[in-house]
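> need a 3D model of the sequence below.
(one chain, ligands or ions: 1)
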Amino acid sequence: MPNRLHHTAAALAHALFCTEQDADRRTEARYPTQDPAELQVLPCPSEPIYGTILDVSRSGMRAALPKRLDRGQQVRVQLHNNVIFGEVRYCRAVSGVFHIGIRIQEVVRPAQPENEHIADDPLSLYAVGKGLSVPEVIQVREHLVRCEACRTRLAQREALLNPSRRARPGRPLV
Ligand SMILES: [Zn+2]
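Below is the predicted model:
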């Protein structure tokens, strides 16, 4: 599959060029979640599909659903108070359920203060790679992309929390 090849090549290029950049690499890695989600295939209204978000990557997320979706379908994902619009990239049958890859196109979230740095607690949870909800992961990543101060804080925290992980080569990429 060309897509998969492209994906692998991108991951390889990333591994070659970004080995020194811990914080950057972290934004590429999948962040595991277990958030319940309600999906609707657009155009709404349609039957809601109840599933679980398994992980979030930089530009997408993976959902486990009881129902097959088709590549290219537009979906609306309700998560806590957030709504995410995205496009189905793939659908795989995995032990009785379907794993759906969704490319995130738009995140609609409740109004919140802009320009606030990431608080210590969510930054720590991000560094250890578990404990944040899907919208929180997305929010932290969006902030990290545009805030060098928080990238530095994250790198320091990672060094503190995971001294061995830093030294371990070949951390799996997306
Ligand atoms: Zn910041």
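
> strands of the chain, start to end?
Secondary structure of the chain by DSSP state E: the strands cover 31-41, 49-56, 60-65, 74-79, 82-94, 97-108.

> mean neighbour count, distance to V140 and mean pLDDT added to those strands, as TSV?
From N, CA and C alone the C-beta is placed, and that goes for glycine too. Listed next are those as TSV, based on neighbours: other Cβ atoms under 10 Å; distance: least, Cβ to Cβ, whole Å; pLDDT from 0 to 100:
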stretch	mean neighbour count	distance to V140	mean pLDDT
strand 31-41	18	9	94
strand 49-56	19	10	96
strand 60-65	21	14	96
strand 74-79	20	15	94
strand 82-94	16	14	95
strand 97-108	17	12	94
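
> in JSON lines, list those strands along with distance to the ion.
Converted to JSON lines, these look like this (distance: least, Cβ to the ion, whole Å):
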{"stretch": "strand 31-41", "distance to the ion": "18"}
{"stretch": "strand 49-56", "distance to the ion": "19"}
{"stretch": "strand 60-65", "distance to the ion": "23"}
{"stretch": "strand 74-79", "distance to the ion": "23"}
{"stretch": "strand 82-94", "distance to the ion": "20"}
{"stretch": "strand 97-108", "distance to the ion": "18"}
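
> which one of the ones you listed lies nearest to P122?
Ranking the strands of the chain by proximity to P122 (Cβ to Cβ) places strand 31-41 first, at 11.9 Å.

> is it correct that I49 is in contact with K67?
Yes: with contact defined as Cβ atoms under 8 Å, I49 counts as touching K67 (5.3 Å).
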